[in-house]
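# Provided below are the primary sequence and the corresponding predicted coordinates.
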Amino acid sequence: SPHTSTRLAQQRRERAMVGIDLASTAYILICTAMVQLMTPGLAFFYGGLVKDTSVLTMMMQSFVSMGISSIVWYVVGFSLCFGES
C-alpha cells in the first residue's frame, strides 16, 4: 500500500539522520590501526625469509600493499561498513 512505502521511506530518513554510531566507528578505527601496525612487522618477517640482496624489495612490497589496501578500503570498504544497507 502507499502508506507502507511512505512509512518505510520515513524510517530510512530517520535512520540516516541519526548520525554515525560511535561504537561502530571506534571498532573499525581500532581494527584499521591494528592492521596498519601489523604491516611493518610483516615486512620484517618476510625480509628475514629472503636473501640479503632482496630484503629491501620484499619490505617495499609490504608497504606498497599497505598503500593499495588503504585505497581499496577507502573506495570499497568504507561504503560496505557505513552504507545504508
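Cool, got the structure.
# If we ignore the residues flanking it in sequence, what's nearest the residue nearest the centre of the chain?
Residue closest to the average C-alpha location in the chain (Cα atoms, centre = their mean): Trp73, at 4.2 Å. Spatial nearest neighbour of Trp73, chain neighbours left out: Thr32 (7.3 Å); criterion: Cβ to Cβ, 6 or more residues apart in numbering. Bear in mind the C-beta positions are built from the backbone N, C-alpha and C, glycine included.
# Around the one you found, count how many other residues there are.
Residues within reach of Thr32, counting by other Cβ atoms under 10 Å, total 14.
# and it, what pLDDT?
Looking at Thr32, its pLDDT is 83.
# cool, the one 5 residues further on as well?
pLDDT, Leu37: 86.
# give me the number of residues near it?
Counted with other Cβ under 10 Å, residues neighbouring Leu37 total 9.
# swap in Arg7?
Neighbour count for Arg7, taken as other Cβ under 10 Å: 11.
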